[in-house]
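K.L.:
The following block contains a protein sequence and its predicted model.
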Amino acid sequence: MALTEPQLKYRQDIIETLQLISSRDEQLDYQRRVPIAHVSAELFCHWADGVYNDGKYLKEEWCRPIFSTIELQSMAEFDEVLNQVADASLTLPPIQQFVLTPEWAKLSEAAATALRAFQLPEAASSNIHVNVPFSG
């Protein structure tokens, strides 16, 4: 089944968000390009309020064919880690400091793990695979 343009865009938004959260260099570059941004907070907000939204979108009919079972599981596991880190971080420091913390390392590794699910053969066999560059 061919996906619609909005479905493909949503899938790509998930992948790009995981890439950003997994990459220290991309986060620091984002801060340089947008100095008024609080990148540390935006990492959490973009995932929680934007693309993932507590998995609510994934339960909707239009969203079901977009992801493989393993991709859905990897996103749910990442969301769990993101919520644990958010609950443990009462205030988020600027990104230049946040990337030096164990909380950032846990979050970044969880995002990288979720991204790897998009590269598995199971994802490719679902006919919805998008080439995901991995910068680890």
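P.N.:
Looks like it came in fine.
K.L.:
who are the neighbours in contact with residue 62?
P.N.:
Residue 62 is in contact with 6, 7, counting by Cβ atoms under 8 Å, 6 or more residues apart in numbering. (Glycine included, C-beta is placed from N, CA and C.)
K.L.:
My guess is residue 7 contacts residue 66. True?
P.N.:
Yes. At 5.1 Å, residue 7 counts as touching residue 66 under the criterion of Cβ atoms under 8 Å.
K.L.:
and the most centrally placed residue in the chain, what pLDDT?
P.N.:
Central residue of the chain (Cα atoms, centre = their mean): residue 18, 2.6 Å from the mean position. Per-residue confidence at residue 18 stands at 96 (pLDDT).
K.L.:
What of residue 136?
P.N.:
As predicted, residue 136 sits at a pLDDT of 42.
K.L.:
again, but for residue 86
P.N.:
In this model, residue 86 carries a pLDDT of 92.
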